[in-house]
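Undergrad: mind looking at a prediction? Sequence and model below.
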Amino acid sequence: MIGKIKRPTLFVNKAQCLGNIRKMKMKAGLSHTHFRPHFKTHQSLQIAEWFREEGVQSITVSSVSMALQFANAGWKDITIAFPFNIRETEDINRLFPGITIGLLVESQETAGFLASHLKRKVRIFIEIDTGYHRTGISWDDHEGIREIIRICRQSEMVEFKGFLIHSGHTYHARSTKEIHDIFNDTSEKMLSLKQLFGNDLMISIGDTPSCSLRDSFPGIDEIRPGNFVYYDLMQYYLGACSMDEIAVSVACPVVAKYPSRKEVVIYGGAVHLSKEGLRLPDGRVIYGKVLETNPMNMPEAENAGYLNSLSQEHGIISVCREFIDKVTIGDIVHIIPVHSCLTADLLKENTLITI
């Protein structure tokens, strides 16, 4: 398998993915919380089948086109966790009969447009902002929330389901305690909405750090983590996973080496790994971590080095003397990505599954 690698290739460890899926599903089950994993991380029909084999029936996606991809593969309960783009309303109307679709709204304008233009019944969730400040209506804008609910309930094509949130600010936390604090704060605010607008309404949350660190989800009706299937360096440094729970690496050919400056150049740049960096505790910004060249169980290579510079196709890694002495041009170096969601998207045409 390694001998056939010519260009940057995503290696996926099936056994570890299955372990991550089973662990998260079991945790949700013990908490009596519905498990609706986000498929935007892997975007793979093959990996989707691993979820199905574990009994998962409901999924989350991030776009209408992704919803169509998985609907074509037989998935029938799909939430599109992105503020709905009203220019795609006709695409929703044309989705197969028998597919249950959930959409997000966060404004009266979008709710009103859908209420008057939908030709098929959909579920609607209001996206709530409790502190991330990306999208969503503020959790304490009760009048605005009430008006969106009113608009939704006026339409025969809309089934209003409840409130959905992505607590993306957990990704900026500096400790696991801070992640727990964000979860507790978010839960308290979301539960207050349920008490105000109806106990029959759903609360759906969806960030991997919280879902990975929590043992239970009191009051939460649904979790939608996505990154957990692969994990990555960002999750590791957040404390959300261990190094051996990371299920992906990027196999990159070595194209040059510079012993005098302890650097190796790989064929693997921003168009393969993305240019999302990670600031280490010592202040350095890195774009990946070097592994030993065994992709089957992917052990951590202590002190082997970090990917510290990226251009479009080049990656420059700083390595220890022992590593540079044994690596040769043409070897394959494995890199743990900073953000596996972006890396998997960039390399979805060059992916290998390992058992």
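TA: Structure's in. What do you need? Numbering: from 1, shown residues only.

Undergrad: got the contact list for Ala240?
TA: 176, 179, 208-209, 212-213, 228, 231 (Cβ atoms under 8 Å, 6 or more residues apart in numbering). Backbone N, C-alpha and C define where each C-beta goes, glycine included.

Undergrad: so how do I select the buried members of those residues in ChimeraX?
TA: Remark: buried members of the contacts of Ala240, expressed as a ChimeraX selection using 16 or more other Cβ atoms under 10 Å:
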select :179,208,209,212,213,228,231
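
Undergrad: which of the contacts of Ala240 fall in helices?
TA: Members of the contacts of Ala240 lying in helices (criterion: DSSP state H): 176, 179, 208-209, 212-213.

Undergrad: let's have those residues in CSV, adding pLDDT.
TA: CSV is the format used below for the ones in helices among the contacts of Ala240 (pLDDT from 0 to 100):
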residue, pLDDT
Thr176, 97
Ile179, 97
Thr208, 98
Pro209, 98
Ser212, 98
Leu213, 98
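
Undergrad: biggest separation within the residues you listed, which pair?
TA: Thr176 and Thr208 (13.1 Å; Cβ to Cβ).

Undergrad: distance check, the nearest residue in space to Ser138 that is not next to it in sequence against Leu18.
TA: Setting aside the residues directly before and after it, Ser138 is nearest to Asp129 in space (Cβ to Cβ, 6 or more residues apart in numbering), at 5.3 Å. For Asp129, the distance to Leu18 equals 34 Å [Cβ to Cβ, to the nearest Å].

Undergrad: domain ranges for the chain, per the record?
TA: 2-9+242-354, 38-225 (automatic domain parsing).

Undergrad: pLDDT value on the residue lying closest to His166 once chain neighbours are set aside, please?
TA: The shortest distance from His166 to any non-neighbouring residue, by Cβ to Cβ, 6+ apart, is to Gly206 (4.9 Å). For Gly206, the model assigns a pLDDT of 90.

Undergrad: what about Gly206, how many neighbours?
TA: If you count neighbours by other Cβ atoms under 10 Å, Gly206 ends up with 22.

Undergrad: now it: phi and psi?
TA: Per-residue torsions, Gly206: phi -150, psi 30 (degrees, to the nearest 10).

Undergrad: double-check it against Leu164; I have them as touching.
TA: Yes: between Gly206 and Leu164 a contact is recorded at 7.4 Å, counting by Cβ atoms under 8 Å.

Undergrad: least confident secondary structure element in the protein?
TA: Scoring the helices and strands of the chain by mean pLDDT, DSSP states H and E places helix 321-326 at the bottom, with a mean of 86.

Undergrad: other residues contacting it?
TA: Against helix 321-326 from outside (Cβ under 8 Å, 6+ apart): 257, 259, 262-264, 290, 301, 304-305.

Undergrad: which is the next helix or strand following that helix?
TA: strand 332-337 (DSSP states H and E).

Undergrad: so the longest strand anywhere in the chain versus strand 332-337, what angle?
TA: In terms of residue count, the longest strand belonging to the chain (DSSP state E) is strand 248-258. Strand 248-258 runs at 120 degrees relative to strand 332-337, counting by axes from the mean of the first three to the mean of the last three Cα atoms, to 10 degrees.

Undergrad: name the residues of strand 248-258 that are buried.
TA: Buried residues in strand 248-258 (16+ other Cβ under 10 Å): 248-254, 257.

Undergrad: on contacts alone, who are the packing partners of that strand?
TA: Judged by 3 or more Cβ pairs under 8 Å, 6 or more residues apart in numbering; DSSP states H and E, strand 248-258 is in contact with strand 9-13, strand 263-267, helix 270-273, strand 332-337, helix 340-346.

Undergrad: could you pull up the mean pLDDT of it?
TA: Across strand 248-258, the average pLDDT comes to 96.

Undergrad: okay, that strand in PDB with CA atoms only?
TA: The C-alpha trace of strand 248-258 is given here as PDB (Å, rounded to 0.1, in the frame of the first residue of the first chain):
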ATOM      1  CA  VAL A 248      -6.300   9.900  10.400                       C
ATOM      2  CA  SER A 249      -2.900  10.900   9.100                       C
ATOM      3  CA  VAL A 250      -1.700  12.300   5.800                       C
ATOM      4  CA  ALA A 251       0.900  10.300   3.900                       C
ATOM      5  CA  CYS A 252       3.300  12.800   2.200                       C
ATOM      6  CA  PRO A 253       6.300  12.000   0.000                       C
ATOM      7  CA  VAL A 254       9.600  13.500   1.000                       C
ATOM      8  CA  VAL A 255      11.000  15.600  -1.800                       C
ATOM      9  CA  ALA A 256      14.000  17.300  -0.200                       C
ATOM     10  CA  LYS A 257      16.000  17.200   3.100                       C
ATOM     11  CA  TYR A 258      18.400  19.800   4.600                       C
END
